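Enquirer: Sequence and computational prediction follow.
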Amino acid sequence: MSVPITPKDAAPAPLPLRERQRVALRAEIQQAALRLFAAEGFDNVTTEAIAGEVGISPSTFFRHVPSKDHLLLGATERGRARIVANFRMRPVDEDVADSLAAAILARTSQFVDDDETLELWRRAMASAPVELRRASLLSRDESDELIDAVAARLKDADVASDMRAGVLVRSAVAAVEYAYEWWLTYGQSESLHALTAQALDQVSRGLAGPTPRRRRRT
């Protein structure tokens, strides 16, 4: 799961001038689309309307953006692979659950200072059909890669015979995705990053809780 592209995170330096112009135009197209989606509803906005808002032709629009859906969903896929890389960079002596939470929060922290765009994206996404509002924090391949990385950090853990790594990753991912749905649906005053941190903390405390006693057989 991720959020819309903005000029400040869209153009890592150094880039050639032409590429910087392309990045800036893509960001302008997306911002215009988000404004229209939030104001009029996703289904009521055409690609022609978005192009007109930016002052470009429909053909130019499609040279930069593959589809209207991509303006909402394409951004959610950017940076997902960084979560796995972030986890691998955590200290090996750090608690695995803490490393996993830190890896995820490093991703959501990128948007802490961009509340205006994030709120615009939330309203735009909330106006979209249900099937478009669903967002996955990780793809299946990325999830499997993260499970393998977590298993490597756990003592004597083998994903073929030990469920701990998979349970930890899947629980964290489910918590983060629910925090996103909560934020999207209810428009909480708290940021997506803060809600994500709360969700991960609740999962961590739940998994670290005492093991229930088994009932004695009678």
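Expert: Right, received. Where do you want to start?
Enquirer: quick one: low-confidence parts of the protein?
Expert: The chain contains residues with pLDDT under 70 at 1-13, 74-79, 111-114, 156-159, 187-188, 207-218.
Enquirer: What's the end-to-end length of stretch 44-62?
Expert: Using Cα to Cα, to the nearest Å, the end-to-end distance of stretch 44-62 comes to 19 Å.
Enquirer: Pull out the buried residues from that stretch.
Expert: Residues 45, 47, 50-51, 53-54, 56, 61 are the ones in stretch 44-62 that count as buried (16 or more other Cβ atoms under 10 Å). The C-beta positions use only the backbone N, C-alpha and C, and glycine is treated the same way.
Enquirer: out of these, who's nearest residue 125?
Expert: Lowest distance from residue 125 to the buried residues of stretch 44-62 (Cβ to Cβ) belongs to residue 45, with 13.1 Å.
Enquirer: Now for that closest one: which residues touch it?
Expert: With contact taken as Cβ atoms under 8 Å, 6 or more residues apart in numbering, residue 45 is in contact with 33, 36-37, 68.
Enquirer: So what does it have for phi and psi?
Expert: With angles defined as degrees, to the nearest 10, residue 45 sits at phi -110, psi 130.
Enquirer: coming back round to it: and the buried residues of stretch 44-62, which two are furthest apart?
Expert: 45 and 56 (15.4 Å).
Enquirer: Tell me how this structure divides into domains.
Expert: In the domain annotation for the chain, the residue ranges read 7-72, 77-207 (automatic domain parsing).
Enquirer: How many residues are close by residue 24?
Expert: Residues lying near residue 24 (other Cβ atoms under 10 Å) number 13.
Enquirer: still on that earlier bit, could you list which of the contacts of residue 45 belong to strands?
Expert: Among the contacts of residue 45, no member falls in strands (criterion: DSSP state E).
Enquirer: So residue 169 sits against residue 146, correct?
Expert: Yes - under the contact definition of Cβ atoms under 8 Å, residue 169 touches residue 146, with a separation of 5.3 Å.
Enquirer: Need the residues touching each of these two.
Expert: Both residue 169 and residue 146 are contacted by residue 100, under the criterion Cβ under 8 Å, 6+ apart.
Enquirer: neighbour count winner among these two?
Expert: Comparing residue 169 with residue 146 by neighbour count (other Cβ under 10 Å), the higher total belongs to residue 146, at 27 against 23.
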